[in-house]
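# Structure, please.
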Amino acid sequence: MADIAKTEGMDVTQVRRVMRLTLLAPEIVERLAGSPDAVLEKGMRRPWPNGWSDQMRVLAPPA
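Here you go, the predicted structure:
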């Protein structure tokens with residue numbers, strides 16, 4: 001992660017936060033990508049479940 005941070009000119013902590021996004025359920029990633037008002041920074045700081053179905057229940061409940 002240190003190499004990525006250096007190459008991208010980012011702080012290692014920020015790289016770690018962004019890398020966590022790779023663990024999100026694909027449906028949540030789609031919702032975030034399609035939402036112009038999504039606040040990623042707030043979400044990246046929260047803990048979330050490992051299982052995708054649990055993520056959907058906690059992070060993207062049905063409207």
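
# Can you show me the helices along this protein?
Under the criterion DSSP state H, the chain contains helices at 2-8, 12-20, 26-33, 40-45, 52-59.

# Could I get the average pLDDT for the shortest one?
It refers to helix 40-45. Average pLDDT, helix 40-45: 70.

# Measure how buried Thr13 is and give me the count.
A count of nearby residues for Thr13, using other C-beta atoms under 10 Å, gives 10. Glycine gets a C-beta too; all of them are placed from N, C-alpha and C.

# can you check the one 5 residues further on too?
The criterion is other C-beta under 10 Å. On that basis, Val18 has 16 neighbouring residues.

# State the mean pLDDT of stretch 52-63.
The model assigns stretch 52-63 a mean pLDDT of 84.

# Buried ones in it, by neighbour count?
Buried residues in stretch 52-63, defined by neighbour count with 16 or more other C-beta atoms under 10 Å: Gln55, Met56, Leu59.

# List of residues touching it?
Leu24, Ala25, Pro26, Glu27, Ile28, Arg31, Gly43, Trp48, Pro49 (C-beta atoms under 8 Å, 6 or more residues apart in numbering).

# nearest residue to the residue positioned nearest the centre of the chain other than its sequence neighbours?
Among the residues of the chain, the one closest to the centroid is Leu21, at 3.0 Å (C-alpha atoms, centre = their mean). When the adjacent residues along the chain are set aside, Leu21 lies closest to Met44, with 6.8 Å between them (C-beta to C-beta, 6 or more residues apart in numbering).
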